[in-house]
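Q: structure for this input, please:
(one chain, ligands or ions: 1)
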Amino acid sequence: MRILLAEDDVLLGEGLQEALILQGYVVEWFKDGVSVLRALEASPFDLLVLDLGLPRMDGMEVLGSLRKQQLAVPVLVLTARDALSSRVAGLDAGADDYLLKPFDLDELLARIRALTRRAVGRTSNRMEFGRLALDLGNHQVFLDEKAVALSRREFLLLKELCINSGHILSKAQLEESLYGWSDEVESNALEVHIHHLRKKLYPELIRTVRGVGYLVDNVKTVSP
Ligand code: CA
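A: All right, here's what the predicted structure looks like:
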């Protein structure tokens with residue numbers, strides 16, 4: 001899951017970025033509206049966390065421009081407690097949710113989970129794939145109901161493949177979901193993660209489609 005964080009307060013931005021990375025999200029952080037809009041136009045994100053008071057172009061303008069271009073990224077607006085009118089206007093302009101500053105980190109994380117779930121059309125944190133179950137909230141994976149220890153990137157990779165089950169994902173698409181733009185990526189890093197996943201889980205789970213990418217077959221069921 002790639003999150004674009006738009007926040008010009010350096011302390012808050014640093015704290016949020018760190019917390020989101022710890023939760024397993026890939027985070028790109030920008031401090032002004034123009035950069036935020038450019039980033040959204042350049043590449044897909046799963047969620048935009050948008051502070052309304054941004055330099056160069058404020059959050060409301062970013063939101064308006066996004067919706068005018070029909071970029072369908074879910075948006076969580078962060079706004080100051082006294083800016084009640086902009087809050088209401090923010091939702092009218094196409095934000096999916098908003099949070100008042102100062103907010104509780106756990107509350108923010110819960111809202112983010114809800115929005116990213118909604119974005120892929122699921123209502124549960126648990127995904128089941130035949131012998132496999134993923135808990136997206138706690139980042140746990142179970143094989144035949146037994147917990148399997150995965151690294152952060154292995155989990156993210158598995159999640160991305162499972163969410164897109166039945167669709168082939170290219171190496172570039174998978175790398176984009178795992179790494180930020182500033183991360184150094186070894187050319188065979190993805191293959192190494194796939195190799196580990198097959199070994200820790202089971203080899204047939206992830207299919208290689210030669211010259212195209214990787215695929216988890218569509219056996220997705222969602223528990224109630
Ligand atoms: Ca601000």
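Q: residues contacting the residue in the chain that the ion sits nearest to?
A: Here the residue of the chain nearest the ion is residue 53; by C-beta to the ion that distance is 3.5 Å. Backbone N, C-alpha and C define where each C-beta goes, glycine included. Applying C-beta atoms under 8 Å, 6 or more residues apart in numbering to residue 53 gives the contacts 8, 59, 79, 80.
Q: same thing with residue 78?
A: Counting by C-beta under 8 Å, 6+ apart, residue 78 makes contact with 7, 49, 50, 51, 52, 98, 99, 101, 103.
Q: buried ones among the contacts of residue 53?
A: Those of the contacts of residue 53 that meet the buried threshold are 8, 59, 79, by 16 or more other C-beta atoms under 10 Å.
Q: in a markdown table: the residues you listed, plus secondary structure, distance to the ion and pLDDT.
A: Below are the buried ones among the contacts of residue 53 laid out as a markdown table (DSSP: H, G, I helix; E, B strand; the rest coil; distance: C-beta to the ion, whole Å; pLDDT from 0 to 100):
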| residue | secondary structure | distance to the ion | pLDDT |
| --- | --- | --- | --- |
| 8 | coil | 5 | 96 |
| 59 | helix | 8 | 90 |
| 79 | strand | 9 | 84 |
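Q: with distance to residue 159 added, can I get these in a markdown table?
A: Formatted as a markdown table, the buried ones among the contacts of residue 53 follow (distance: C-beta to C-beta, whole Å):
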| residue | distance to residue 159 |
| --- | --- |
| 8 | 30 |
| 59 | 29 |
| 79 | 30 |
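Q: ok, those vs residue 210, which is closest?
A: Set against residue 210, the nearest of those by C-beta to C-beta is residue 59 (44.9 Å).
Q: which stretches in the chain count as helices?
A: Assigned by DSSP state H, the helices in the chain fall at 10-22, 33-42, 59-68, 84-92, 105-119, 152-163, 171-178, 189-200.
Q: among those helices, which comes closest to residue 75?
A: Of those, nearest to residue 75 by C-beta to C-beta is helix 59-68, at 6.4 Å.
Q: from what I can see residue 218 touches residue 162, true?
A: No. In this structure, residue 218 is not within contact of residue 162 by C-beta atoms under 8 Å, at 9.8 Å.
Q: neighbour-wise, which of the two wins?
A: When residue 218 and residue 162 are compared for neighbours, residue 162 comes out ahead with 21 against 11, by other C-beta atoms under 10 Å.
Q: please list all residues in contact with the more buried one.
A: Neighbouring residues of residue 162 by C-beta under 8 Å, 6+ apart: 127, 129, 132, 134, 216, 220.
Q: equivalent analysis for residue 66, please.
A: With C-beta under 8 Å, 6+ apart, residue 66 has these contacts: 37, 40, 48, 73, 75, 94.
Q: return the distance of residue 102 relative to residue 2.
A: For residue 102, the distance to residue 2 equals 26 Å [C-beta to C-beta, to the nearest Å].
Q: higher neighbour count, the two?
A: Neighbours per residue (other C-beta under 10 Å) separate residue 102 from residue 2, with residue 2 holding more: 21 against 9.
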